[in-house]
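**Student:** return a 3D structure for these sequence lines:
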Amino acid sequence: MTLSIIGLDVHQATTSAAVLDWTGKLVMECVLETKAATLLQFIHGLRGSLQVTFEEGTCAAWLHDLLKPHVTEVLVCNPRKNALLKVGNKVDSG
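**Tutor:** Down below sits the predicted model:
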């Protein structure tokens, strides 16, 4: 079975999607209408184990409930915590 990792950038009218294979190689990018039927058609067009991630926002609960029955895993990220990962110096503890 193959693994695909799907990143979604969700906006009111459109959703940008990026699909990575299990090695992290970008295999597809597209812009979709932010409508249930369109998003499900996109998901159903992919094969294998699907992991979907997107940032918490106004559509997050709706999108989570829509996609959860159709994918292996749904991960909703907190955009404020994502921004904190970019701040400061990386420190490896020994």
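**Student:** helices of this structure, residue ranges please.
**Tutor:** 36-44, 60-67, 79-84 (DSSP state H).
**Student:** save those as JSON lines, and put in distance to L26, mean neighbour count and mean pLDDT too.
**Tutor:** C-beta here means a position set from N, CA and C on the backbone, and glycine is covered the same way. As requested, these are arranged in JSON lines below (distance: least, CB to CB, whole Å; neighbours: other CB atoms under 10 Å; pLDDT from 0 to 100):
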{"stretch": "helix 36-44", "distance to L26": "16", "mean neighbour count": "14", "mean pLDDT": "98"}
{"stretch": "helix 60-67", "distance to L26": "20", "mean neighbour count": "15", "mean pLDDT": "96"}
{"stretch": "helix 79-84", "distance to L26": "19", "mean neighbour count": "10", "mean pLDDT": "59"}
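**Student:** adding distance to W22, write those helices out as a markdown table.
**Tutor:** Converted to a markdown table, these look like this (distance: least, CB to CB, whole Å):
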| stretch | distance to W22 |
| --- | --- |
| helix 36-44 | 17 |
| helix 60-67 | 19 |
| helix 79-84 | 22 |
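**Student:** tell me if I'm right that K68 and L75 touch.
**Tutor:** No. If you go by CB atoms under 8 Å, K68 and L75 don't touch, sitting 11.1 Å apart.
**Student:** tell me how many other residues crowd G48.
**Tutor:** G48 has 11 neighbours, counted by other CB atoms under 10 Å.
**Student:** just give the closest residue to it, not the sequence neighbours.
**Tutor:** In this structure, G48 finds its nearest non-sequential neighbour in T2, 3.5 Å apart by CB to CB, 6 or more residues apart in numbering.
**Student:** measure that neighbour to W62 for me?
**Tutor:** 28 Å (CB to CB, to the nearest Å).
**Student:** can you check V27 too?
**Tutor:** From V27 to W62 the distance is 26 Å (CB to CB).
**Student:** any weak-confidence spans in the chain?
**Tutor:** 1, 80-94 (pLDDT under 70).
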